[in-house]
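# quick one, structure for this:
(one chain, ligands or ions: 1)
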Amino acid sequence: MQTSDIVIIGGGIVGSSIAYHLTANGCRDVLVIERESAQGKGSTGKSMGGVRAQFSTPVSIQMSLYSIPFYASFEERLGHPCDYRPQGYLFCATNENQMSYLRTNYAQQIKMGLKDVRLLRGDEIRRMFPQLRADDIVGGSFCSTDGFVDPYSAMNGFMAWAADHGATLWKNTAVTGVTCDASEIASVETTRGPVSTRKVVNCAGAWAASVARFVGVNLPVEPLRRMLVPSEPFDEFPHTAPMIVDMSNGFHFRPEARGFLLAWNDPEETTGFKTDFDAGFIEKILTRAADRVPCFAGLPVNPKRAWAGLYEMTPDHYPILGEAPGVPGFFLANGFSGHGVMHAPATGKILSDLILTGQTDLIDSSLLNLSRFAENRLIHETAVL
Ligand SMILES: Cc1cc2nc3c(=O)[nH]c(=O)nc-3n(C[C@H](O)[C@H](O)[C@H](O)COP(=O)(O)OP(=O)(O)OC[C@H]3O[C@@H](n4cnc5c(N)ncnc54)[C@H](O)[C@@H]3O)c2cc1C
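Alright, predicted model coming up:
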């Protein structure tokens, strides 16, 4: 029977980052199993690629403080590009409540050691981007080291480095079960035959709950459709712009190629494995786009280029990281709720630390364990995009 020290289920950006961090820490016998014919067909290939440290809670900020410098030095470390573009994130507040929320977050971010974040007055934002309708913008917050990466390149870079250093990737192979003897993991069952192993990491993205059921674990991770609309080439807004977030309704956009990528999380969306793009979304998002950026009234859009993908949502919008209670050797890296690309480097380090040494100094990992739901220790992050 094939054997492996550690089996990773799912070859998206999270599985790939964990494979990289494990091999970089000297654990070479790692097997990544991906059911699709190519990596990136899950959420990773659908992502907007935004990376930011502007969060409200210490644990999210800590994960970004590891991940963003990691992306900044990705090519130097791994010899592969990830296309990190530090163009920033600009949050635009349209009332005093939002501004006070940004001020509180700013104080927390500075306290945690974030250096490049600053608060802006409404007139400063108006001067930076006169193309915005800014009559109601009372101020904002901007961090210049936030920005975007190419998730597909980052995922490939992680996996290529890991494979060059001993890890193995099986594509076209689905994991269909996990067996235990006594209380220990014994093997994973796959469409290519069983693999004997003592350690398994669930990196199955939006499908993570079904993988957790193999070992009787009830994982509160649900798929939620998100849709993105790219524009055709458009030059009436600067391509050096950051991710700009309209806090009045959550509409946000960033430059992409010679046009712009538009996003808005429809509050009417319901959970489920829906990956079809709903044509009715175009009008909804363009209305919000033109309201905040009047020149976007003429933004050319080809609906055939728009797409939908799945967020992996948890009840508190925070990931679930660490060993599953009652199943030693079964690790979880799930439920990123829209932040799996930006937090993939930190997740790789945290999981690699927990698997190899049982602890990590990057975060207080007990905050993100699965037991928090049963113990009513949910975290509330309101800065979810
Ligand atoms: C529209 C959209 C925009 C987004 N924007 C951002 C953003 O700006 N910034 C950000 O940080 N995040 C963003 N996200 C979220 C981010 O894309 C995800 O959190 C991240 O990609 C999760 O990575 P993953 O590796 O856990 O999951 P995935 O990429 O989904 O990978 C999981 C893999 O597991 C495989 N798999 C599942 N079950 C099995 C099985 N039984 N056997 C073998 N393989 C299996 C799947 O085929 C899949 O390839 C966005 C997501 C969407 C949909």
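# find the nearest non-adjacent residue to residue 296, please.
Beyond its immediate neighbours in the sequence, the residue positioned closest to residue 296 (Cβ to Cβ, 6 or more residues apart in numbering) is residue 289, lying 4.2 Å away. Heads up, the C-betas are built off the backbone N, CA and C, glycines and all.
# just the residues contacting the strand or helix carrying that neighbour, thanks.
Assigned by DSSP states H and E, residue 289 belongs to helix 280-292. Contacting residues not belonging to helix 280-292 are listed as 132-133, 227, 229, 246, 249, 251, 253, 262-264, 266, 296-297, 299, 301, 303, 306 [Cβ atoms under 8 Å, 6 or more residues apart in numbering].
# which residues does the one residue sitting closest to the centre of the chain contact?
Among the residues of the chain, the smallest C-alpha distance to the mean C-alpha position (Cα atoms, centre = their mean) belongs to residue 340, namely 1.8 Å. With contacts taken as Cβ under 8 Å, 6+ apart, residue 340 has the following neighbours: 12-14, 43-44, 47, 205, 312, 319, 347.
# buried subset of the contacts of helix 280-292 as a PyMOL selection?
Only the buried entries of these go into this PyMOL selection, using 16 or more other Cβ atoms under 10 Å:
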select buried, resi 132+227+229+246+251+253+262+263+264+296+299+301+306
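# just the ones of the contacts of helix 280-292 in strands?
227, 229, 246, 253, 262-263 (DSSP state E).
# check the gap between the nearest residue to residue 245 once chain neighbours are set aside and the ligand for me.
Nearest non-adjacent residue to residue 245, counting by Cβ to Cβ, 6+ apart: residue 252, 4.3 Å away. For residue 252, the distance to the ligand (Cβ to the nearest ligand atom, to the nearest Å) stands at 9 Å.
# what about stretch 100-113, distance to the chain center?
21 Å (Cα atoms, centre = their mean, to the nearest Å).
# cool, and stretch 91-98?
Mean-position distance between stretch 91-98 and its chain equals 24 Å (Cα atoms, centre = their mean).
# so what's the residue count around the residue in the stretch 151-300 of the chain positioned nearest to the ligand?
Relative to the ligand, the nearest point of the stretch 151-300 of the chain is residue 205 (2.6 Å; Cβ to the nearest ligand atom). Applying other Cβ atoms under 10 Å, we find 27 residues neighbouring residue 205.
# and it, backbone torsions?
Residue 205 has phi and psi values of phi 50, psi -130 when expressed as degrees, to the nearest 10.
# mind listing the helices for the stretch 51-200 of the chain?
Secondary structure of the stretch 51-200 of the chain (DSSP state H, counting those that start in this stretch): helices located at 58-72, 74-78, 96-111, 122-128, 151-164.
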